[in-house]
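Asker: Got a predicted structure here, sequence first:
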Amino acid sequence: MIASGYPIGISPGQVSFNVAEKDHRSSSALTNDRRSSMGTSKEKGRSSNSRRFVVFWPLNMRTGRNPDRITFLTSRQRRSVLKSWRRVENKRLLGEEIYIQIFMQKPVLKSLFPFRAVPVNDLHGNMLFTRQAAIFIDFIDNMVAYVATNNGRLLQELCTRVGVSHALMTRVNFDPDWWYLFANSVLDGIQKYCHPNFSCGPIATYIGSRSILAWRILMKYVVEMMSDAFVKQRQANVRAVLEQSQQKDESMTKDGCVTDELPTRQNGC
């Protein structure tokens, strides 16, 4: 879905055409001579106003749409994501709650981290776990920041880096389907911040539903980008291993041929 509306920071009231006040006088005050003079100078006035219009209009509107814009969220949905994230006062605690929910549903994932031996009930007081939760929140912070600034390129690069880094893990055979668990846990954690503080019946339900829908679309995109980068990196890893194995086999075959030729040469002597 393509974002609609005016660019961030631009509204219709800020576009100035710089029309002189004297040009708005009533027609009854104009003489016939002036009417004719205005007719001859009409094109000049239009071209002059056009030049002033171009100066005040933002650059991206003169050269086309922003090529890096986010196309899967509307401007209203992007604002909903930003507003709900700003409501989270203790973001680190939210990160810890999301991780604990993930570990409760998939205990094997805890083996990816240095606090793997710590019981889930004792994780809140663990320094390594707190640090990991802060790293996770930094990822969400950056994700929301790129959504707020409508920068799809940086958002995609962020997801690609995470996908590649997980593909390079050797301790555990990471399954990219686990990211759907991550996305659902984020949605569960952020859901309570998508509703306003006051209860207003259908209005509150509508606002909350609209915000969580925006988060759901965002997390779906993030998971797809990370999974795509993960699969591509894994395929590159397999190709690299096969190439190394092939080069090793060719080297051993070449060495074997040299060894077989040596006795023949000695007999010939």
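Answerer: Thanks, I have the structure now. Residues are numbered from 1 along each chain as shown.

Asker: So what's the residue count around the nearest residue to residue 136 once chain neighbours are set aside?
Answerer: Spatially, and ignoring its direct neighbours in sequence, residue 136 is nearest to residue 95 (4.6 Å; Cβ to Cβ, 6 or more residues apart in numbering). (C-beta placed from N, C-alpha, C; glycine too.) Residues near residue 95, counting by other Cβ atoms under 10 Å, number 24.

Asker: now residue 227
Answerer: 18.

Asker: quick one: low-confidence parts of the stretch 1-150 of the chain?
Answerer: Along the stretch 1-150 of the chain, segments meeting pLDDT under 70 span 1-64.

Asker: Can you give me the domain assignment for this structure?
Answerer: 16-63, 75-238 (automatic domain parsing).

Asker: Of those domains, which stretch is the most buried?
Answerer: Across the domains of the chain, averaging neighbours per residue (mean count of other Cβ atoms under 10 Å) puts domain 75-238 on top, at a mean of 16.

Asker: need the contact list for the residue nearest to residue 120 when sequence neighbours are not counted.
Answerer: Among residues not flanking residue 120 along the chain, residue 103 sits closest, at 5.5 Å (Cβ to Cβ, 6+ apart). The neighbours of residue 103, taking Cβ atoms under 8 Å, 6 or more residues apart in numbering as the test, are 109-110, 120, 123.

Asker: Need the mean per-residue confidence for stretch 180-196.
Answerer: Mean pLDDT, computed over stretch 180-196, is 88.

Asker: which residues touch that stretch?
Answerer: Stretch 180-196 is contacted from outside by 80, 84-85, 87-88, 94, 97-98, 101-102, 105-106, 140, 204, 207-208, 211-212, 215-216, 219-220, 222-223, using Cβ under 8 Å, 6+ apart.

Asker: In helices, which of the residues you listed fall?
Answerer: 80, 84-85, 94, 97-98, 101-102, 105, 140, 204, 207-208, 211-212, 215-216, 219-220, 222-223 (DSSP state H).

Asker: which residues does residue 85 contact?
Answerer: 140, 144, 190, 193.

Asker: Could you pull up the contacting residues of the first one?
Answerer: When you say that, I think you mean residue 140. 85, 91, 95, 186.

Asker: Residue 237 versus that one, what's the distance?
Answerer: 28 Å (Cβ to Cβ, to the nearest Å).

Asker: Then residue 174?
Answerer: In terms of Cβ to Cβ, residue 174 sits 12 Å off from residue 237.

Asker: now residue 86
Answerer: Plainly put, residue 86 is 40 Å away from residue 237 if you go by Cβ to Cβ.

Asker: before we move on, what about residue 129?
Answerer: 29 Å.

Asker: In terms of helices and strands, where is residue 190?
Answerer: Per DSSP states H and E: residue 190 is located in helix 178-190.
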